[in-house]
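Chemist: Got a predicted model here, sequence first, then my questions.
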Amino acid sequence: MDRLVLRPAAYSDLPAVERIAGASPVGVTSLPRSRDKLFDKIASSQASLAADVSGCGEESYFFVLEREQDREVVGTSAIVASAGFSEPFYNYRNETLTHASRELGIHHRVHVLTLCHDLTGATLLTSFVLDPAYKQGDTPDLLSRARMLFIAAHRQRFADHVVSEMLGLCEDDGHAPFWDSVGRHFFGIDYPLAEFYCGVKGRSFIAELLPQHPIYVPLLPREAQEAIGQIHPFSRLPCEILLREGFETERYVDIFDAGAVVQARTEEIRTIATHSRATVVAHPPGADGGQYLVGNLDLPGFRAILTEAAFDSERGEVWLSEPDMQSLRVGAGDSVILAPL
């Protein structure tokens, strides 16, 4: 069985990250197909890990999932401490407007999308990409939920709400029903190019070109209406994990493809709500245990694994095997953070 560990991305990971980004579908703007931007992403993460931070700011943290025996990178995930720190974080808000006439006896409710930046300042989960060979079993939980352990371990660095954008409906040829019916009319470019600009240039151009008035959903083509809040097959797995973590959907959608935006209060996220800190004890032979996500408390050297461990909550102790301690780079007597799978 492959031994996998999640850790912060290093500069030496750039070729592997480029490979993963190149295999991602159009629309994954958090992993742009630009070597310079991916290098900047790693550099920003390294700087954030080295910074002395007492609040939620412009920091970002980029992780890779590594197969330890050959150091092959098989996945990526990331956290942005404060979405829209340098520019507004735009979404469409699902709303209902009421049109009424007492004289005509008409009272009609209409679904509209309103451009907003309500989620600016929330912590943002991004960049979940996993090698298809590892999408079965519990590995996806390690790649996604280990970020929650990191947030719990360094809580002061993150906001009181956490959000994540799911990739919406789009086809391999770049056709996206919602974009083609809305955004294209104001930008004059196709969906892949719009997403590329978003990934490498930021979102400031959005406010300059998108209409500020509500979009009346019934006026859109049926294909575009049906795309609102839908999720691309690529994002179904990470979305399922976050929904199990207690995230909710339906309130906001992405401005490009209308994919669902999920959100949760930080303290109510399952991994964070159920996490514990414990002292490491060398694993005694034959000790019974359960499946846990376990991470160390070293900020720049954070490492997390998924393993079978015996946890004594009353004594505040967790029994880990020697290979587990080596993977986490901890020893007996050190403190770790853990949450049940």
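Modeler: Yep, it's here. Numbering: from 1, shown residues only.
Chemist: Any regions of the stretch 201-341 of the chain where pLDDT drops low?
Modeler: 201-207, 284-288 (pLDDT under 70).
Chemist: ok, which stretches of it are strands?
Modeler: Under the criterion DSSP state E, counting those that start in this stretch, the stretch 201-341 of the chain contains strands at 215-216, 248-253, 260-265, 276-282, 290-296, 304-312, 317-320, 335-340.
Chemist: What pairs with the fifth one, parallel or antiparallel?
Modeler: Based on DSSP bridges, the strands next to strand 290-296 in the sheet, each with its direction, are strand 304-312 (antiparallel), strand 335-340 (antiparallel).
Chemist: could you dump the ones you listed to a markdown table with distance to residue 293?
Modeler: The way it works is simple: take the backbone N, C-alpha and C, and place the C-beta from them, glycine included. Formatted as a markdown table, the strands paired with strand 290-296 follow (distance: least, C-beta to C-beta, whole Å):
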| stretch | distance to residue 293 |
| --- | --- |
| strand 304-312 | 6 |
| strand 335-340 | 5 |
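Chemist: okay if I get those as TSV plus mean neighbour count and distance to residue 222?
Modeler: Output for these, formatted as TSV (neighbours: other C-beta atoms under 10 Å; distance: least, C-beta to C-beta, whole Å):
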stretch	mean neighbour count	distance to residue 222
strand 304-312	20	43
strand 335-340	20	43
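Chemist: closest to residue 215 out of those strands?
Modeler: Of all the strands paired with strand 290-296, strand 335-340 sits nearest to residue 215, with 40.2 Å by C-beta to C-beta.
Chemist: residues making contact with that closest one?
Modeler: 145, 148-149, 152-153, 270-272, 274-280, 290-297, 309, 311, 318, 320, 328, 330 (C-beta atoms under 8 Å, 6 or more residues apart in numbering).
Chemist: now the residues you listed: which count as buried?
Modeler: 145, 148-149, 152-153, 270-272, 275, 278, 280, 292-297, 309, 311, 318, 320, 328, 330 (16 or more other C-beta atoms under 10 Å).
Chemist: OK, contacts around residue 113?
Modeler: Counting by C-beta under 8 Å, 6+ apart, residue 113 makes contact with 92, 93, 94, 95, 214, 215, 217, 228, 253, 258.
Chemist: Only the buried residues of the host helix or strand of it, if you could.
Modeler: Assessed by DSSP states H and E, residue 113 sits inside strand 106-116. By neighbour count with 16+ other C-beta under 10 Å, strand 106-116 contains the buried residues 111, 112, 113, 115, 116.
Chemist: go on, stretch 209-222?
Modeler: Quick answer for stretch 209-222 (16+ other C-beta under 10 Å): 210, 214, 215, 217, 220.
Chemist: what residues are up against the first one?
Modeler: Neighbouring residues of residue 210 by C-beta under 8 Å, 6+ apart: 90, 115, 183, 186, 255.
Chemist: Swap in 10 Å and give it another go.
Modeler: 90, 92, 115, 182, 183, 186, 187, 255 (C-beta atoms under 10 Å, 6 or more residues apart in numbering).
Chemist: Using ChimeraX, make a named selection holding only the buried ones among these.
Modeler: A single ChimeraX command selects the buried members of those (16+ other C-beta under 10 Å):
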select :90,92,115,182,183,187,255
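Chemist: hmm, which two among the contacts of residue 210 are most spread apart?
Modeler: Across these (C-beta to C-beta), the longest gap, 15.2 Å, separates 92 and 187.
Chemist: Determine how far stretch 289-308 lies from the middle of the whole chain.
Modeler: The chain centroid and the centroid of stretch 289-308 are separated by 19 Å, computed with C-alpha atoms, centre = their mean, to the nearest Å.
Chemist: Give me the distance between the two termini of that stretch.
Modeler: 6 Å (C-alpha to C-alpha, to the nearest Å).
Chemist: And the residue positioned nearest the centre of the chain, how far from residue 251?
Modeler: In the chain, the centroid-proximal residue (C-alpha atoms, centre = their mean) is residue 125; its distance is 2.5 Å. Going from residue 125 to residue 251 by C-beta to C-beta, to the nearest Å gives 16 Å.
Chemist: quick one: furthest residue from the center of this structure?
Modeler: Residue farthest from the centre of the chain, counting by C-alpha atoms, centre = their mean, is residue 103 at 50.1 Å.
Chemist: The stretch 51-200 of the chain: helices as residue ranges?
Modeler: Here the stretch 51-200 of the chain has its helices, by DSSP state H, counting those that start in this stretch, at 139-153, 177-181, 183-187, 191-201.
Chemist: want to try TSV for those, with distance to residue 56 as columns?
Modeler: Shown next, in TSV, are the helices of the stretch 51-200 of the chain (distance: least, C-beta to C-beta, whole Å):
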stretch	distance to residue 56
helix 139-153	11
helix 177-181	31
helix 183-187	30
helix 191-201	23
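Chemist: right, and the ones you listed - which one's nearest residue 18?
Modeler: helix 191-201 (13.7 Å).
Chemist: and residue 67, what are its bridge partners?
Modeler: Assigned bridge partners for residue 67, using DSSP bridges, are residue 4, residue 72.
Chemist: got the contact list for it?
Modeler: 2, 3, 4, 5, 73, 74, 75, 131, 134.
Chemist: at 6 Å instead, please
Modeler: Neighbouring residues of residue 67 by C-beta atoms under 6 Å, 6 or more residues apart in numbering: 2, 4, 74.
Chemist: ok, the residue nearest to residue 310 when sequence neighbours are not counted - how many residues close by?
Modeler: Once flanking residues are discounted, residue 310 sits nearest to residue 289: 3.6 Å by C-beta to C-beta, 6 or more residues apart in numbering. By the criterion of other C-beta atoms under 10 Å, residue 289 has 15 neighbours.
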